[in-house]
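1. Return a 3D structure for these sequence lines:
(3 chains)
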Amino acid sequence: MDDQARIMQSIGGVSLAGHSVQGGMTLPPPHGHDGTDGDGRKQDIGDILHQIMTITDQSLDEAQAKKHGLNCHRMKPALFSVLCEIKEKTGLSIRGAQEEDPPDPQLMRLDNMLLAEGVAGPEKGGGSAAAAAAAVASGGTADNSIEHSDYRAKLTQIRQIYHTELEKYEQACNEFTTHVMNLLREQSRTRPISPKEIERMVGIIHRKFSSIQMQLKQSTCEAVMILRSRFLDARRKRRNFSKQATEILNEYFYSHLSNPYPSEEAKEELAKKCSITVSQVSNWFGNKRIRYKKNIGKFQEEANLYAAKTAVNAAQAAAVAAQNSQANSPTTPNSGSSGSYNLPNSGDMFLSMQSLNGDSYQGAQVGANVQSQVDTMRHVISQTAGYNDALGGNTMYISHKVSHFRAGCQPVPTGSADLMPTEEPESVHSDTSN
DNA sequence: ATTCATGATTGTTC
DNA sequence: GAACAATCATGAAT
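-> Residues are numbered from 1 along each chain as shown, chains lettered A, B, ... in the order given. Alright, predicted model coming up:
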């Protein structure tokens, strides 16, 4: 402390040796000691420096009082000028001017992630991109809407916490910055602080706070990741399809028992009807085929049930179609109104024909008139008759795919049955036990 | 608690 | 890449 005071004293002594200083200011004449030598000045300088050096050791009130005293000290402008000069000479004021930090890649990564997860950025209808993506990944159906909303609720919670904390940090940062700026401005009266320096200090504060923010972002990301992984793990959580959906799928399956391989369009149609995804339809058919094949006997009752149901539906459809054929002009296409096609299950039957008999489907499509519908329905009825015939066994149309399916289905292949032409519906009584 | 049913996943085959 | 086969994991019934 004494050393410092001495140094300062000597600096003061040198600088104050009569030459003009910053701002064209000249030293004021020594108060009441006109004509005295440098000893009096030195005394003053020594005194003022001593006060400055010891100010930090004092209590706040004492320091405050001393500060006021220093501000009013007659030597203060001179000392200020000297300090400015020294600072300029030593280049202290320029230091740190180069600090324009490039964007932190880590921070950018976190920001991007939070944005992608829907935590940062604008609120998207209470949900998030991630929630939607996860919903799609897990089927995105009404069946898992519970988990979906659960996930969304938790994500919203995280989002809220994140934003609250972020706001808090920002507020704290601003408050602290303002405080420091005020302090520096205040101090700039007694020691030389350029606006640039204040700016630099603000930058330092912001960097400090942004590092805290980064920690917040990091932990938020972790929380989202944990939530996400938990949610995705729950994908395996099986929810049974609705009874209606199972009904629709079973109807299609048993009415296409000969070739239970829905086309892509049929799958989409079924998916729409059942409010499930196409892949779920594929899964269902995959499971159904294999389970049916493994234990036909077990499914016999179910098959009979759906065969009967299909027959009734087809008959109904045919009746309505016949009625329509009488009511409508034969040349009037029933475009738009869907008519009998929209009858319960008639769509399945229609699709059935599409996959089983391209001709009849094409006919219906091209003709699109009532007569063709009636023909189609007749075809359907004949088909369903086949299913009814199969009450004691399994009716299957043969096709390249079907033969493969049947090979697995029927423990004792009937041999010649596999050679049956695909165009002709053929009832084959299975010799499997029922 | 156990068993069965069923949707989903995974590895393999064609 | 679709389908198969085996398996997992869960829901529902008992």
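2. is the helix or strand harbouring A:Asn182 up against DNA strand B anywhere?
-> Using DSSP states H and E, A:Asn182 maps to helix A:145-187. No. For helix A:145-187, no contact with DNA strand B is found by Cβ under 7 Å from any atom of the strand; the gap never falls below 11.7 Å. Using the backbone N, CA and C atoms, a C-beta is placed for each residue, glycine as well.
3. From the contact counts, what lies against that helix?
-> Applying 3 or more Cβ pairs under 8 Å, 6 or more residues apart in numbering; DSSP states H and E, we find helix A:145-187 packed against helix A:129-137, helix A:195-233.
4. Pass me the low-pLDDT residue ranges in chain A, would you?
-> Within chain A, the stretches with pLDDT under 70 are A:1-42, A:45, A:48, A:83-84, A:91-102, A:123-152, A:225-237, A:325-434.
5. Please parse it into its domains.
-> Per the TED database, the structural domains of chain A span A:105-122+A:145-236, A:243-322.
6. Tabulate those domains (a markdown table), appending mean neighbour count and distance to DNA strand C.
-> Output for those, formatted as a markdown table (neighbours: other Cβ atoms under 10 Å; distance: least, Cβ to the nearest atom of the strand, whole Å):
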| stretch | mean neighbour count | distance to DNA strand C |
| --- | --- | --- |
| domain A:105-122+A:145-236 | 15 | 4 |
| domain A:243-322 | 18 | 4 |
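7. what does the stretch 251-400 of chain A put close to DNA strand B?
-> Proximity of the stretch 251-400 of chain A to DNA strand B, by Cβ under 7 Å from any atom of the strand, involves residues A:Gln280, A:Asn283, A:Trp284, A:Gly286, A:Asn287, A:Arg291, A:Lys298.
8. mind redoing it with 10 Å?
-> Selection of the stretch 251-400 of chain A residues close to DNA strand B by Cβ under 10 Å from any atom of the strand yields A:274, A:276-277, A:279-288, A:290-291, A:294-295, A:298-299, A:302.
9. ok, back up a step: give me the angle between the helix holding A:Asn182 and helix A:195-233.
-> Interaxial angle, helix A:145-187 versus helix A:195-233 (axes from the mean of the first three to the mean of the last three Cα atoms, to 10 degrees): 170 degrees.
10. where along chain A do the strands fall?
-> Taking DSSP state E as the criterion, chain A contains no strands.
11. want to throw the domains of chain A into JSON lines with distance to A:Asp44?
-> Shown next, in JSON lines, are those (distance: least, Cβ to Cβ, whole Å):
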{"stretch": "domain A:105-122+A:145-236", "distance to A:Asp44": "16"}
{"stretch": "domain A:243-322", "distance to A:Asp44": "88"}
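12. With respect to A:Gln43, which of those domains lies nearest?
-> For A:Gln43, the closest of the domains of chain A is domain A:105-122+A:145-236, at 20.0 Å, according to Cβ to Cβ.
13. all helices for the stretch 201-350 of chain A, in order.
-> Using DSSP state H, counting those that start in this stretch, the helices found in the stretch 201-350 of chain A span residues A:243-255, A:264-274, A:278-294, A:296-327, A:346-356.
14. A:Ile198 is nearest to which of these?
-> Evaluated over these, closeness to A:Ile198 peaks at helix A:278-294, with 61.2 Å, by Cβ to Cβ.
15. From the contact counts, what lies against the closest one?
-> Packing partners of helix A:278-294 (3+ Cβ pairs under 8 Å, 6+ apart): helix A:243-255, helix A:264-274, helix A:400-409.
16. Let me have those helices in CSV, adding distance to A:Ala322 as columns.
-> Shown next, in CSV, are those (distance: least, Cβ to Cβ, whole Å):
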stretch, distance to A:Ala322
helix A:243-255, 21
helix A:264-274, 25
helix A:400-409, 31
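17. Compare these and give me the one nearest A:Pro122.
-> Among the helices and strands packed on helix A:278-294, the nearest to A:Pro122 by Cβ to Cβ is helix A:264-274 (31.6 Å).
18. Can you list the helices and strands that the closest one packs against?
-> The contact analysis (3+ Cβ pairs under 8 Å, 6+ apart) places helix A:264-274 against helix A:243-255, helix A:278-294, helix A:346-356.
19. Could you tell me the angle between the longest one and helix A:243-255?
-> Put plainly, it is helix A:278-294. Helix A:278-294 and helix A:243-255 meet at an angle of 50 degrees, taking the same axes, to 10 degrees as the criterion.
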